[in-house]
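J.: Predicted coordinates and the sequence they were generated for:
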Amino acid sequence: MKCKCGRRAVYFRRYEGALLCRECFIRSIESKVKRTIRKHGMVRKGDTIALAMSGGKDSTAAAYITHKIFGGWRDVELLAISIDEGVEPYRTDSIKRAKAFAKELGIPHHVFSFREEFKKTTDQISRKIQDSDSATNVLCTYCGVARRYLLNKKARELGATRLCMGHNLDDEAQAAMLNYIRGDLARAGRMEAVTSWSTQKRQGGLFISRIKPLREIPERESALYAYLKGFDILESHCPYAGGIRFEVRDFINRLEFKHPGTKFNILGTFDKLNPCIKRVARNGESRIMKCRICGEPSSREVCKTCELWRAP
Ligand SMILES: [Zn+2]
Ligand SMILES: [Zn+2]
């Protein structure tokens, strides 16, 4: 089994019907990411990009490729942020790796923890929530809300203009389907590849525009890329992840197996629909105000994070 360049193939890309060797595979991933960044105008001159690094394969690959593209630019700055949610031993381990990797790339690395910010950890909350079918789901929501909150707040305080996330094609296709299933149009509207200037302005500049350079890279290719590049990453998953997302993931994977290219189609359809979804969602959208407790952007008087994490 040979790659078209004549070298031994290491991967069969089903949706293209192509065999790829190590070198051609790595090159194809990097140029695809570059195309994605350019196509959506994810980075402009003068940007400071905060790389969210969890120590996992996706955020490590996103950080590595973003650094490879922009590391040499004089007018683009890079920094890295890790959030310690207090999930042991999973998180301490992964932050150690993120720190080492950022050092290798020569990027300043900042760690912020739930313990410092909210005086609580996800582990502590988990002990409070009773065992039930929805317990993991609830916990994953608790943790996710606070993680996104802290990433945005800290990136902004550090002067970042872009927040680079590791989300891959699978994550994005799942999120699209989940928003569809839940009828969450507001969130579906925010799934655009890069936050537009008009949206940012309406939000008073309080939200840092999130970019996802890997949004067109399938999960298994992101994993293979990290493996072939020899990244020292954490392979295990957060013990609290679960819920309906997993069912949607399995469903999409079955479709993809039978109909290669399904994941691209799901995301592509959502991208095309995004302007319409935003228009519909905006009709019901509440004004962005500042949370009474923490001053961060919120659609209600008290933001979701304060409600969940700072409630007495
Ligand atoms: Zn090749
Ligand atoms: Zn708040």
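T.: It's in. This is a predicted model, so every value here is computed, not measured. Ligands and ions are numbered 1, 2, ... in the order given.

J.: To which secondary structure element type does the closest residue to ligand 2 within the stretch 51-200 of the chain belong?
T.: As assessed by CB to the ion, ligand 2 sits closest to residue 149 within the stretch 51-200 of the chain, at 7.8 Å. Quick note: C-beta positions are derived from backbone N, CA and C, even for glycine. Here residue 149 is recorded as helix under DSSP: H, G, I helix; E, B strand; the rest coil.

J.: wait, it sits on residue 303?
T.: Yes. In terms of CB atoms under 8 Å, residue 149 counts as a neighbour of residue 303; the distance is 7.3 Å.

J.: Would you mind measuring from the residue of the stretch 51-200 of the chain closest to ligand 2 to residue 27?
T.: 37 Å (CB to CB, to the nearest Å).

J.: The two: who's more crowded?
T.: The neighbour comparison of residue 149 against residue 27 (other CB atoms under 10 Å) goes to residue 149, with 24 against 13.

J.: Now do the contacts for that one.
T.: When contacts are counted by CB atoms under 8 Å, 6 or more residues apart in numbering, residue 149 touches 296, 303-305.

J.: And the pLDDT at residue 73?
T.: pLDDT, residue 73: 92.

J.: Am I right that it falls within a strand?
T.: No. According to three-state DSSP, residue 73 belongs to no strand; its state is coil.

J.: Count the neighbours of the nearest residue to it once chain neighbours are set aside for me.
T.: Nearest residue to residue 73 in three dimensions, chain neighbours excluded: residue 45, at 7.8 Å (CB to CB, 6 or more residues apart in numbering). Under the neighbour criterion other CB under 10 Å, residue 45 is assigned a count of 8.

J.: hang on, isn't residue 45 packed against residue 77?
T.: No. Between residue 45 and residue 77 there is no contact under CB under 8 Å: 11.0 Å.

J.: how distant is the host helix or strand of residue 264 from the center of its chain?
T.: Counting by DSSP states H and E, the element that carries residue 264 is helix 262-283. Offset of helix 262-283 from its chain centre (CA atoms, centre = their mean, to the nearest Å): 18 Å.

J.: Identify the residues contacting residue 147.
T.: Shown in contact with residue 147 (CB under 8 Å, 6+ apart): 83, 85.

J.: what separates it from residue 118, distance-wise?
T.: Going from residue 147 to residue 118 by CB to CB gives 11 Å.

J.: between the strand or helix carrying residue 251 and helix 262-283, what angle do the directions make?
T.: Residue 251 belongs to helix 244-258 when assigned by DSSP H and E. Using axes from the mean of the first three to the mean of the last three CA atoms, to 10 degrees, the direction of helix 244-258 lies 140 degrees away from that of helix 262-283.

J.: which helices and strands sit right next to helix 244-258?
T.: helix 169-182, helix 262-283 (3 or more CB pairs under 8 Å, 6 or more residues apart in numbering; DSSP states H and E).

J.: Tabulate those helices (JSON lines), appending mean neighbour count.
T.: Below are those laid out as JSON lines (neighbours: other CB atoms under 10 Å):
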{"stretch": "helix 169-182", "mean neighbour count": "20"}
{"stretch": "helix 262-283", "mean neighbour count": "16"}
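
J.: Just give me the lowest mean pLDDT stretch among these.
T.: Mean pLDDT is lowest for helix 262-283 among the helices and strands packed on helix 244-258, at a mean of 90.

J.: Identify all contacting residues around that helix.
T.: So helix 262-283 is in contact with 15, 169-170, 172-173, 176-177, 185-186, 188-189, 191-193, 215-216, 218, 252, 255-256, going by CB under 8 Å, 6+ apart.

J.: Check which element follows it along the chain.
T.: Note on helix 262-283: by DSSP H and E, the next helix or strand toward the C-terminus is strand 289-290.

J.: Now residue 177. Nearest residue, chain neighbours left out?
T.: What sits nearest to residue 177 in space, not counting adjacent residues and going by CB to CB, 6+ apart, is residue 248, at 5.1 Å.

J.: close enough to count as contact, the one you found and residue 174?
T.: Yes. If you go by CB under 8 Å, residue 248 and residue 174 touch, sitting 5.2 Å apart.

J.: Just give me the neighbour total for the residue of the stretch 51-200 of the chain at minimum distance from ligand 1.
T.: Using CB to the ion, the single residue of the stretch 51-200 of the chain nearest to ligand 1 is residue 65, 19.0 Å away. As a burial measure, residue 65 scores 23 neighbours (other CB under 10 Å).

J.: Thank you, goodbye.
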